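In: sequence unavailable; structure follows:
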């Protein structure tokens with residue numbers, strides 16, 4: 001019976017952890033590279049092979065007797081991270097908090113190290129502050145910081161300074177393990193080098209999957225006559241369907257002016273509008289036949305022009321509400337003044353804790369470009385955290401062991417708590433919502449254009465800005481942008497070809 005029980009847990013885990021599909025080829029997918037094999041046992045039973053532990057979780061390859069003598073492993077971390085990520089001060093009985101505590105404690109005990117953390121602001125607008133702190137440490141010769149962890153666009157900018165460790169060229173890290181999602185590692189492997197990574201080491205990878213929340217009570221009260229979940233499941237949840245629903249949804253409060261007392265079809269922090277590019281299966285940067293980073297022709301092509309045109313026509317109407325303050329847009333939704341909210345999954349924690357919220361929420365992925373697009377693609381909001389190693393550290397190999405142990409522990413203890421227990425159970429009121437969280441995770445897209453956006457002159461906002469301006473003239477504007485981006489990508493490639 002123990003064998004059968006272990007297998008059941010193992011199979012459930014594979015469903016939970018089995019996919020972060022790449023969006024560079026959104027209609028083909030990119031399954032994880034590692035699955036725990038199973039073999040047939042006596043009397044027809046199936047047993048989990050030795051590559052999995054007793055609970056069905058895939059084992060890491062770290063030696064059993066690693067002992068680093070109590071060394072301090074210092075992190076330079078982004079102290080403006082929006083969700084619990086790097087450490088917590090103590091156990092407090094809250095499941096996510098305690099899972100992070102146990103993850104770090106298990107790594108310290110297993111490797112005989114002490115994890116130390118120095119925080120600096122590394123979020124949007126402060127990336128140079130973080131990079132300066134790393135550079136100052138390196139220039140001093142101390143190289144105290146072994147591990148870097150920060151905002152997804154900040155670590156790539158740090159790579160331009162030329163002292164990140166190639167993760168393929170160091171002991172202990174096994175990129176083929178499922179806690180390093182292949183959809184990311186395949187995208188970020190450039191000229192056979194991998195300078196940064198994320199995955200189960202980072203809770204924010206789960207919290208910043210961008211989907212569409214909706215007010216289920218408002219939907220039902222307006223008599224649409226069908227469910228959005230059925231539309232998603234049938235493959236008919238498309239950009240045109242989204243626009244059809246929201247275009248006439250706006251309701252004025254009676255004063256004849258657009259204000260937050262009105263009811264809108266759609267609300268979104270303005271940067272979340274970027275998500276519609278990935279939703280439609282388009283990324284900004286790809287690799288050419290030689291493996292060099294180049295602008296994607298689709299970025300300036302007909303598909304993107306159609307997206308910008310259609311969204312531009314609706315974004316200039318009253319039903320489409322956006323601003324530069326995400327709190328404002330969430331409050332519109334929480335207060336039943338918007339049918340749809342485009343946001344990361346962390347928005348649901350605020351929904352659960354906000355005062356006066358009385359409606360039931362629904363969750364669906366972002367709309368496909370059209371019904372012919374094979375699968376739904378999930379945009380990643382920028383604030384998820386990326387990790388790297390300081391190649392100049394005297395104990396960089398110890399840092400690599402810590403990263404691997406921490407990611408492995410996160411895979412088996414933190415991710416299940418956040419995704420299965422918190423998102424899909426505690427915060428989901430029915431099985432349909434749980435299924436939608438699965439669809440979001442299965443379609444996660446790591447877009448190189450977004451990851452390296454700070455390093456190539458922050459070009460991505462041209463997409464949303466054209467939409468807000470009415471959606472005209474995209475193609476010519478995008479071609480001009482692509483020429484500039486190409487030159488800047490040449491500088492990025494120099495980092496990967498040096499040495």
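Out: Received the coordinates, thanks. Only a predicted model underlies this, so the values are computations on that prediction, with no experimental measurement involved.

In: against residue 389, how distant is residue 145?
Out: Counting by C-beta to C-beta, to the nearest Å, the gap from residue 145 to residue 389 is 10 Å. Every C-beta, even on glycine, is put in place using the N, C-alpha and C of the backbone.

In: between these two, tell me which one has more neighbours.
Out: residue 389 (27 against 23; other C-beta atoms under 10 Å).

In: OK, contacts around the nearest residue to residue 166 once chain neighbours are set aside?
Out: In this structure, residue 166 finds its nearest non-sequential neighbour in residue 193, 4.8 Å apart by C-beta to C-beta, 6 or more residues apart in numbering. By C-beta atoms under 8 Å, 6 or more residues apart in numbering, the contact set of residue 193 is 166, 168-169, 496.

In: so which of these would you say is closest to residue 306?
Out: Taking C-beta to C-beta as the measure, residue 306 lies nearest residue 496 of the contacts of residue 193, at 33.4 Å.

In: tell me the pLDDT of residue 49.
Out: pLDDT for residue 49: 42.

In: which elements pack onto the helix or strand harbouring residue 478?
Out: Here residue 478 sits within helix 474-497, counting by DSSP states H and E. In this structure, helix 474-497 makes packing contacts with strand 293-295, helix 302-315, helix 461-468, judged by 3 or more C-beta pairs under 8 Å, 6 or more residues apart in numbering; DSSP states H and E.

In: returning to that earlier point: now that we have the contacts of residue 193, which of them are buried?
Out: residue 496 (16 or more other C-beta atoms under 10 Å).

In: who does the residue nearest to residue 166 form a beta bridge with?
Out: residue 190 (DSSP bridges).

In: separation between residue 377 and residue 330?
Out: 23 Å.

In: neighbour count winner among those two?
Out: Neighbour totals were compared for residue 377 and residue 330, and residue 377 leads with 29 against 22 (other C-beta under 10 Å).

In: how much space separates the more buried one from residue 237?
Out: 12 Å.

In: tell me, what's touching those two both at once?
Out: 365, 368.

In: residue 471 is in contact with residue 304, correct?
Out: No. Assessed by C-beta atoms under 8 Å, residue 304 is found out of contact with residue 471, at 11.0 Å.

In: so how far does stretch 148-167 reach from one end to the other?
Out: In stretch 148-167, first residue to last residue: 13 Å (C-alpha to C-alpha, to the nearest Å).

In: what comes up buried for that stretch?
Out: 148-159, 163-165, 167.

In: strands - which of those residues land there?
Out: With strands taken from DSSP state E, the overlap with the buried residues of stretch 148-167 comprises 148-151.

In: of those residues, just say which sits nearest to residue 198.
Out: Out of these, the member with the shortest distance to residue 198 (by C-beta to C-beta) is residue 149, at 8.8 Å.

In: picking that back up, nearest to residue 87 among the buried residues of stretch 148-167?
Out: residue 149 (10.5 Å).

In: quick one: the closest one and residue 345, what's the gap?
Out: 20 Å.

In: equivalent analysis for residue 114, please.
Out: Distance from residue 114 to residue 345, by C-beta to C-beta: 33 Å.

In: more neighbours: which of those two?
Out: Under the neighbour definition other C-beta under 10 Å, residue 114 and residue 345 were set side by side, and residue 345 has more, 24 against 12.

In: that one reaches residue 209, doesn't it?
Out: Yes. With contacts counted by C-beta under 8 Å, residue 345 reaches residue 209, the gap being 5.2 Å.

In: between the two, what contacts are shared?
Out: residue 440.

In: nearest residue to residue 326 other than its sequence neighbours?
Out: residue 269 is the one closest to residue 326 (C-beta to C-beta, 6+ apart), at 3.6 Å.

In: the closest residue to residue 160 other than its chain neighbours: how many residues sit nearby?
Out: Once flanking residues are discounted, residue 160 sits nearest to residue 455: 5.6 Å by C-beta to C-beta, 6+ apart. Neighbours of residue 455 under the rule other C-beta under 10 Å: 19.

In: now residue 455: phi and psi?
Out: Dihedral angles phi and psi of residue 455 (degrees, to the nearest 10) take the values phi -80, psi -10.

In: dump the residue contacts of it.
Out: Contacts of residue 455 by C-beta under 8 Å, 6+ apart are 153, 156-157, 159-160, 488, 491-492.

In: greatest separation within those: which pair is it?
Out: Most distant of the contacts of residue 455, by C-beta to C-beta, are 153 and 491, 15.9 Å apart.

In: from the buried residues of stretch 148-167, which is closest to residue 108?
Out: Among the buried residues of stretch 148-167, and counting by C-beta to C-beta, the member closest to residue 108 is residue 149, at 16.6 Å.

In: which residues touch that closest one?
Out: Residue 149 neighbours (C-beta under 8 Å, 6+ apart): 75-78, 85-86, 155, 202, 385-388.

In: skip the chain neighbours and tell me the closest residue to residue 429.
Out: residue 360 (6.1 Å).

In: in this structure that neighbour contacts residue 214, no?
Out: No. Taking contacts as C-beta under 8 Å, residue 360 lies outside contact range of residue 214: 9.9 Å.

In: that older thread, how about the helices and strands packed on helix 474-497, which one is nearest residue 93?
Out: helix 461-468 (41.1 Å).

In: in this structure, what helix or strand scores lowest on average pLDDT?
Out: Within the chain, no helix or strand scores below strand 38-40, which has a mean of 26 by mean pLDDT, DSSP states H and E.

In: residue ranges with poor pLDDT in the stretch 1-150 of the chain?
Out: 1-50 (pLDDT under 70).

In: cutoff 90 now
Out: 1-56, 64-65, 122-126, 139-142 (pLDDT under 90).

In: now do the strands in it.
Out: With DSSP state E, counting those that start in this stretch, the ranges of strands along the stretch 1-150 of the chain come out as 38-40, 46-48, 71-78, 113-120, 145-151.
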